[in-house]
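A.B. asks: generate a structure from the sequence data that follows.
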Amino acid sequence: MLPTFAVTDSMKYSLADLDRLKWLVASQIFAPRHEGWLVRSERQRRAAATAALENCQHAAAKSADEANALRAYEFIDFVSEMPDAQVQEFVLREVHRQLTIGRRGSTPGHYRKEAARPAGYRPAGEADIPVLVRELTAWLAGDTQTHTVLKAGIAHIQLLAIHPFTTGNGSTTRAVSGLFLQKSQFSFRKMLNLELTLAHVRDRYISTVTTTLGAEFSNGYDATRWLEFYTAAVSIAAQDLVNRLNNWHRLSLDLGKDDAEMGLPSRLVDGHLYAMGTGQITRSEYMDLTGMSELAATRDLAKLVDKGLLTYEGKTKSRVYRPKR
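C.D. replies: Predicted coordinates:
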């Protein structure tokens, strides 16, 4: 049985705001290559944010989680472009598999076979997991009455309530609810970074989940408070995206003019713009953006450093270039 909820004035306000923000993002005009850069940049930022939400203190494990998350978000972007694909059970399990490959104590893509007590909470029994997950995915595919963003929020909280996997439930839940939004009219062009918004309010995120679910899994629990939080968080993430896209437009116009006055060829302008817009650029990223060879990319980036536009850290092969101004 799925959770119950009431549609409150707070939710209505957030959903109305999301209709406005959805239109603002959809109406933005980009060069195709620029949109590709922005999608890739947000994918990387989402991966870093969801890994940070796991609160892993070990640097190597955190780096592995981030690499796994990036691969999972690439898979999500691929699935979101398939017209007939739904958020089905096998998709959920594949997302989990991608997120937890190599993680200690995990069985990637497989439901847990034992009882669990995450942070003192008693989730659904292991024998009930397949039925509960199929009930949820069937509802997501078949319900036509509930607002899309509310459905994504229900998917988020219900997966946390079920706790279907031994590890990786939080990251899987965030990824799957994001996939559901990307498959809808609230796709925000695959650039919505809800993970970063949640990372900024991590304590409130956790406390809202804890208060909503109580001490143990129960059928028909009240998800109203969670949905108020969730819809507000999506609205904040969407407004952040609008601000980011507006800044990108201003930046591209200003840099295009300034760099052209310096006599830089278009590929160097693109490299500088990418570094300014995303915070950094590597040689391999520059090669992907421009199609230049390894040697030519090294020379081009060195030229941007000589011009005082970039600085760098690290050895040549792993060097990261960052904007100087």
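
A.B. asks: in the chain, where is pLDDT below threshold?
C.D. replies: In the predicted model of the chain, residues 55-61, 325 satisfy pLDDT under 70.

A.B. asks: spatially central, which residue of it would that be?
C.D. replies: Central residue of the chain (CA atoms, centre = their mean): residue 46, 3.8 Å from the mean position.

A.B. asks: contact partners for it?
C.D. replies: 69, 73, 178, 193-196 (CB atoms under 8 Å, 6 or more residues apart in numbering). Any C-beta I mention is one placed from the backbone N, CA and C, and that applies to glycine too.

A.B. asks: what about 6 Å?
C.D. replies: Counting by CB atoms under 6 Å, 6 or more residues apart in numbering, residue 46 touches 73, 193, 195.

A.B. asks: how about residue 229?
C.D. replies: Contacts for residue 229 (CB under 6 Å, 6+ apart) come out as residue 208.

A.B. asks: quick check: residue 86 is in a helix.
C.D. replies: No: counting by DSSP: H, G, I helix; E, B strand; the rest coil, residue 86 falls outside a helix, being coil.

A.B. asks: would you check that it makes contact with residue 139?
C.D. replies: No: using CB atoms under 6 Å, residue 86 is not in contact with residue 139; the gap is 11.4 Å.

A.B. asks: show me where the stretch 1-150 of the chain has strands.
C.D. replies: Secondary structure of the stretch 1-150 of the chain (DSSP state E, counting those that start in this stretch): no strands located.

A.B. asks: burial measure for the closest residue to residue 294 other than its chain neighbours, as a count.
C.D. replies: Using CB to CB, 6 or more residues apart in numbering and skipping residues adjacent in sequence, the residue nearest residue 294 is residue 287, 6.6 Å away. A count of nearby residues for residue 287, using other CB atoms under 10 Å, gives 16.

A.B. asks: check which helices and strands whichever strand or helix holds residue 287 sits against.
C.D. replies: Using DSSP states H and E, residue 287 maps to helix 283-290. If contacts are counted by 3 or more CB pairs under 6 Å, 6 or more residues apart in numbering; DSSP states H and E, helix 283-290 sits against helix 266-278, helix 294-306.

A.B. asks: and the angle for the first one with helix 283-290?
C.D. replies: Meaning helix 266-278. Helix 266-278 runs at 120 degrees relative to helix 283-290, counting by axes from the mean of the first three to the mean of the last three CA atoms, to 10 degrees.

A.B. asks: how far does helix 266-278 sit from the chain's center?
C.D. replies: In terms of CA atoms, centre = their mean, to the nearest Å, the centre of helix 266-278 is set 23 Å apart from its chain centre.

A.B. asks: next one: the last one
C.D. replies: Taking the mean C-alpha point of helix 294-306 and that of its whole chain, the gap between them comes to 31 Å (CA atoms, centre = their mean).

A.B. asks: now do it against helix 283-290, angle only.
C.D. replies: Using the same axes, to 10 degrees: helix 294-306 against helix 283-290 is 100 degrees.

A.B. asks: what comes into contact with helix 294-306?
C.D. replies: By CB under 6 Å, 6+ apart, helix 294-306 touches 268, 272, 283, 286-287, 310, 321.

A.B. asks: domains for the chain, by residue range?
C.D. replies: 35-229, 262-323 (automatic domain parsing).

A.B. asks: how far does the longest one stretch from start to finish?
C.D. replies: According to CA to CA, to the nearest Å, domain 35-229 extends 30 Å from its N-terminal end residue to its C-terminal end residue.

A.B. asks: also the shortest one?
C.D. replies: The first and last residues of domain 262-323 sit 16 Å apart, counting by CA to CA.

A.B. asks: for this structure, give the helix that spans the most residues.
C.D. replies: Longest helix in the chain by number of residues, with DSSP state H as the criterion: helix 224-261.

A.B. asks: could I get the domains of the chain as a markdown table with distance to residue 26?
C.D. replies: A markdown table is the format used below for these (distance: least, CB to CB, whole Å):
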| stretch | distance to residue 26 |
| --- | --- |
| domain 35-229 | 7 |
| domain 262-323 | 20 |
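
A.B. asks: which one of these lies closest to residue 24?
C.D. replies: domain 35-229 (9.8 Å; CB to CB).

A.B. asks: many thanks, I have nothing further to ask.
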